[in-house]
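**Q** model this:
(one chain, ligands or ions: 1)
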Amino acid sequence: MALSPVLGKLVSKRVVLASASPRRQEILTNVGLRFEVVPSWFKETLEKSSFAAPYEYAVETAKQKALEVANRMHVKHLRTPDIVIGADTIVSVDEQILEKPVDKQDAYRMLSRLSGKEHSVFTGVVIIHCSSKDNQLETEITDFYEETKVKFSDLSEELLWEYIHSGEPMDKAGGYGIQALGGMLVEYVHGDFLNVVGFPLNHFCKKLAELYYPPLKHTIQHIKHDSIPSVDTFESLSDGESESSSFKEHKGASKLDSPSGVIYNSENSSGVRTDSVIPLENQNGVSDNATKVPSKILDLMDGFRASKALFVASKLKIFDHLKKKSPQKAADIANEVGTSVCGTERLLDACAALGLLEKTPQGYRNTDSTNTYLASDGEFSLHGYIIHSNDHLWPLFTHLESAVKEGSRQNHRAFGKKTEDLFNDYYQSQEVKQRFMAAMHSIAHLTARDVATAFDLSEFKTACDLGGCTGALAHELMRIYPNMKVTVFDLPEAIANTSCFQPSEQCTAPVTFVSGDFFTDDLPEADLYILSRVLHDWPDEKIHVLLKKISTACKPGSALLVAESVLDEQKTHPPRVVLQSLSMTEGKQRSGSEYKQLLEKYGFTNTQIKITGNLLDAVLCFK
Ligand SMILES: Cc1cn([C@@H]2O[C@H](COP(=O)(O)OP(=O)(O)OP(=O)(O)O)[C@@H](O)[C@H]2O)c(=O)[nH]c1=O
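**A** Residues are numbered from 1 along each chain as shown. As a prediction, the model looks like this:
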């Protein structure tokens, strides 16, 4: 893809996204940018009336968010990032600035104000280049904003409330998400769609192009433009140039201090006439028709190497060793792990290249996210799921060609077993059972908070998590809703092995574990039943038995909470979920409307869907 040359400039840098917004993370991840997420603690409380224009407020808020993270990392974590990116999205209507609603009433006020009208969405973006001199943080700040105009249809009260009850508005500026259900409210969009979603990617790439490939004096011509330079400014740039043209060497020629005398005007996207400068060719003299590197395809070609490097480093517990002691040299790690020095060094370098480790002259060390997600004792460790991916999914995926030809799961080829019964497979050996439970625990623990808070569940006094395995979600529910009693109902083989997954500090009443088979045994009584990562695994006949049973067990007013990754209506997004389907289980991944239809068939109504931005979404329906 043509965007890669400029993003490629960031590959060797420690890039930090100072934002908790899952949408920003996704937009940047989707174009292959590698970065660490450090959400900002800056409170969005700047006095709005002190800004002459709404975009100035968004830019200043973005700047404060990013500066807070840069300072905190420098002072507290003693790790100065190279680049911190901050952003702030606001909605502006009738000269008012709307941020995220504080509650449903607030969402109602915002959405009724937007109904039938055109409004502007501004995202302010700040790119901070950081360095440390004499232990002082030095920053060079680049900022810009983007405006997109959006018009809503007239919204009926009923539609408005139904939308608010979906839970979608709550973490979104203006109280809507154009990328999901909120898209249905929109009559037209003028401008960059991704800007509305939370990050103006196109403008960001242009800005980087401007910073990293500043035009040289002899190759520029002055042209009058109606807007910012065309996308060719960065599309035509090859990545083949040497590192000497990186930002550091060229920063003198950037807008901050331009030796060529070229001043880059402050930009806007709303058609204000500005003088701007575009290069006739990039500074390598590479012409526009030079071969472009299809980076997305190359990334896909190499994806298996990256996955396997992660799997092997996890299996060898390298991240655990580095969490206990760092920095460490390759030879020391090889010695501890019992591997070859040359092989270990290559693996460690690969992990550093992938952004999982930092390589310093003193040795290798984990990044913060590696400590959190990859060390096996990290609070939100994915270790169990990674080992499951290596030992179970990898062999299955090596037979993908046969799976596609035959349309069936490849257990027999991958494991020499004819059985299609996933759970019998898993529970036959103690080792496989523990691995499978650790994998399920990883995902359940990581997603528990978002699933438990997707809806206000405080009205339910008793809940039963069917197939709740280690009880990760059950514990989180009891922590969040202290008046709720939660039972986990799962196969005896699973219940017998839950003890090592229980939280060390029990700050709530204990979760009750009951063993049984949800297809054949009576279900424990509850006001709220939960099916987390169950429905996608089973064929329709089994789902029929299960949902019929739950529906019968539910009293009027009881509810069912389904936690699954919900596909978009086209069933091509999120790609992670679409790819999961290739395992060829007898079940399937479903879109929001498919879940709604399925649940309605069993007498559940008022279905609400919350896309959480985490690995699992939540669907709540009532009997
Ligand atoms: C209009 C619109 C907004 N959003 C989201 O609204 C949040 C804005 O809030 P923010 O303060 O800029 O960001 P945040 O989520 O609080 O994160 P942080 O950067 O940590 O402050 C961001 O999430 C955006 O995606 C959507 O997802 N879709 C839309 O159509």
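**Q** the domain parsing of the protein - what is it?
**A** As recorded under automatic domain parsing, the domains making up the chain are 4-279, 295-381, 433-622.
**Q** just so I know, which of the ones you listed lies nearest the ligand?
**A** domain 4-279 (2.7 Å; Cβ to the nearest ligand atom). Where C-beta positions appear, they are placed from N, C-alpha and C, glycine not excepted.
**Q** hmm, back to that, okay if I get the domains of the chain as TSV plus mean pLDDT, distance to residue 397 and mean neighbour count?
**A** Formatted as TSV, the domains of the chain follow (pLDDT from 0 to 100; distance: least, Cβ to Cβ, whole Å; neighbours: other Cβ atoms under 10 Å):
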stretch	mean pLDDT	distance to residue 397	mean neighbour count
domain 4-279	79	21	18
domain 295-381	94	9	17
domain 433-622	93	7	19
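**Q** Distance to residue 404 added to the ones you listed, as a markdown table?
**A** Output for the domains of the chain, formatted as a markdown table (distance: least, Cβ to Cβ, whole Å):
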| stretch | distance to residue 404 |
| --- | --- |
| domain 4-279 | 25 |
| domain 295-381 | 17 |
| domain 433-622 | 8 |
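**Q** okay, these in a markdown table with distance to the ligand next?
**A** Formatted as a markdown table, those follow (distance: least, Cβ to the nearest ligand atom, whole Å):
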| stretch | distance to the ligand |
| --- | --- |
| domain 4-279 | 3 |
| domain 295-381 | 16 |
| domain 433-622 | 9 |
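**Q** Can you show me the CA trace of the host helix or strand of residue 436 as PDB?
**A** Assigned by DSSP states H and E, residue 436 belongs to helix 430-453. Provided in PDB are the C-alpha atoms of helix 430-453 (Å, rounded to 0.1, in the frame of the first residue of the first chain):
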ATOM      1  CA  GLN A 430      -4.900 -33.400  31.900                       C
ATOM      2  CA  GLU A 431      -2.300 -31.300  30.100                       C
ATOM      3  CA  VAL A 432      -4.600 -30.500  27.200                       C
ATOM      4  CA  LYS A 433      -7.400 -29.800  29.600                       C
ATOM      5  CA  GLN A 434      -5.300 -27.300  31.600                       C
ATOM      6  CA  ARG A 435      -4.100 -25.600  28.400                       C
ATOM      7  CA  PHE A 436      -7.600 -25.200  27.200                       C
ATOM      8  CA  MET A 437      -8.900 -23.900  30.500                       C
ATOM      9  CA  ALA A 438      -6.000 -21.400  30.700                       C
ATOM     10  CA  ALA A 439      -6.800 -20.200  27.200                       C
ATOM     11  CA  MET A 440     -10.500 -19.700  28.000                       C
ATOM     12  CA  HIS A 441      -9.400 -18.000  31.300                       C
ATOM     13  CA  SER A 442      -7.100 -15.600  29.400                       C
ATOM     14  CA  ILE A 443      -9.900 -14.300  27.100                       C
ATOM     15  CA  ALA A 444     -12.600 -14.400  29.900                       C
ATOM     16  CA  HIS A 445     -10.400 -12.400  32.200                       C
ATOM     17  CA  LEU A 446      -9.300  -9.900  29.600                       C
ATOM     18  CA  THR A 447     -12.900  -9.200  28.500                       C
ATOM     19  CA  ALA A 448     -14.800  -9.600  31.800                       C
ATOM     20  CA  ARG A 449     -15.000  -6.000  32.700                       C
ATOM     21  CA  ASP A 450     -16.200  -4.800  29.300                       C
ATOM     22  CA  VAL A 451     -18.800  -7.600  29.200                       C
ATOM     23  CA  ALA A 452     -19.900  -7.100  32.800                       C
ATOM     24  CA  THR A 453     -20.400  -3.300  32.300                       C
END
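**Q** Can you name every helix or strand that it contacts?
**A** On a contact count with 3 or more Cβ pairs under 8 Å, 6 or more residues apart in numbering; DSSP states H and E, helix 430-453 meets helix 383-388, helix 422-428, helix 472-480, helix 492-495, strand 559-564.
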